[in-house]
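Asks: Show me how the following folds:
(one chain, ligands or ions: 1)
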Amino acid sequence: MEHIRNIAIIAHVDHGKTTLVDCLLKQSGTFRANEAKASEERIMDMMDLEREKGITIRAKNAAFRYKRYRVNLVDTPGHADFGGEVERIMNMIDGVLLVVDAAEGPQAQTRFVLRKALEAGAKPIVVINKIDRENARPQWALDQVFDLFLSLNATDEQLDFPYVFCSAKAGYARLRLEDTNETMEPLFEAIVRHIPPPRARAGEGFQLLVANLDYSDYLGRIALGKVMAGRIRVGEPAVCLHGDGRVTEGRVTALFHYEGLKQVQIEEAPAGDIVGVCGFETVAIGETLADRPERGALPFIPVDPPTIQMD
Ligand code: GDP
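Replies: Presented below is the predicted three-dimensional model:
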């Protein structure tokens, strides 16, 4: 079974989320720079398409490998008024990297998204970023974050958060300010050690909760989401359980996951992984794909025990 970690990176605007993602992808070595550039251009294309069609496409999900682990980075919307969307995202992940600028400390959006993450029970790792800045106050920023956790009624376990001091720009993360290592290693280690593997329902039949939509000129609509149970395979017949109670039949015509910023076609994926599924042209966000109607008839959010550990 593949070792999977599903996380989101959350931050106030400009605190360095994009820079950190780039840095993690680069240092994990899952993709080459020219590939990344090509896929970024593709993402821009899709954003134009989004405007044209008036549908929501957010293709900023990514994934990298570290040791034996596959780490999925689930994108979070940058704006604060995203209603149910944030719940769907939190439902896919088991932990967050909370990025905070070492000079500015936590800001309004830090508070908003952290509250959602804590409510969803996600384990945060605090990343005090930009410690290379001249006016950086890393220890102060960390204390501010601790106070923020307190004010949000974090549990004792959440309050005991792991943290790293980091310069996403220079490409290093350090456990102590006096350390001198020059890589992100401590952050990679924190992710695989402190964030739990995904929980999933036991059983053979697959269920996938659609958290977002993507689009391909060749393959049509792509439903993005986490495999909540079972194993999904290309060619498999399946149903879409729509929000209004209708059930439509279809077939998994193609399957993707991310490698770096690129969507790569795969044949099958295990429970816990985050994938894109083609073959369901009328599926909408919040709906369920399942191999059988009765499976999807179960209430889907949140995933209830019995659970199996994916490791
Ligand atoms: P986002 O809005 O959270 O995605 O932030 P970006 O990653 O776009 O970063 C915002 C600005 O902060 C950019 O100008 C980055 O170059 C800069 N930045 C990001 N990380 C660091 C860092 O570790 N050190 C310094 N000095 N600047 C950084």
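Asks: Counting by contacts, list what the host helix or strand of Asp147 packs against.
Replies: In the assignment (DSSP states H and E), Asp147 maps to helix 138-151. Under the contact criterion of 3 or more C-beta pairs under 8 Å, 6 or more residues apart in numbering; DSSP states H and E, helix 138-151 touches strand 95-101, helix 108-119, strand 123-129, helix 156-159, strand 163-167. Quick note: C-beta positions are derived from backbone N, CA and C, even for glycine.
Asks: Show me the shaky parts of the stretch 51-200 of the chain.
Replies: Residues of the stretch 51-200 of the chain that meet the criterion pLDDT under 70 lie in 51-60, 77-84.
Asks: Can you tell me which residues in it are near the ligand?
Replies: Contact residues, the stretch 51-200 of the chain versus the ligand (C-beta under 6 Å from any ligand atom): Asn129, Lys130, Asp132, Arg133, Ser167, Ala168, Lys169.
Asks: Pick out whichever of these sits closest to Ser216.
Replies: Of all these, Ala168 has the smallest distance to Ser216: 30.7 Å, by C-beta to C-beta.
Asks: Which positions are bridged to Thr288 in the beta structure?
Replies: In this entry, Thr288 is beta-bridged to Leu209, Leu241, by DSSP bridges.
Asks: Relative to the ligand, how far out is the most centrally placed residue in the chain?
Replies: Nearest to the geometric centre of the chain sits Val74, at 1.9 Å (C-alpha atoms, centre = their mean). Noted for Val74: a distance of 15 Å to the ligand, by C-beta to the nearest ligand atom, to the nearest Å.
Asks: Which residue is the nearest non-sequential neighbour of Lys226?
Replies: Spatial nearest neighbour of Lys226, excluding adjacent residues (C-beta to C-beta, 6 or more residues apart in numbering): Met92 at 4.3 Å.
Asks: Tell me, how many residues neighbour that neighbour?
Replies: 23 (other C-beta atoms under 10 Å).
Asks: Then Pro270?
Replies: 17.
Asks: My guess is it contacts Arg233. True?
Replies: No: shown here, Pro270 and Arg233 do not form a contact pair, counting by C-beta atoms under 8 Å, at 10.5 Å.
Asks: Residues in a beta bridge with the residue nearest to the residue nearest to the centre of the chain when sequence neighbours are not counted, which ones?
Replies: Leaving aside its sequence neighbours, Val74 sits nearest to Ala8 (C-beta to C-beta, 6+ apart; 4.7 Å). Beta-bridge pairing for Ala8 (DSSP bridges): Val74, Val96.
Asks: quick one: contacts for Ala8?
Replies: Contact analysis of Ala8 by C-beta atoms under 8 Å, 6 or more residues apart in numbering lists Leu73, Val74, Asp75, Thr76, Ile89, Met90, Ile93, Val96, Leu97, Ala117, Ala122.
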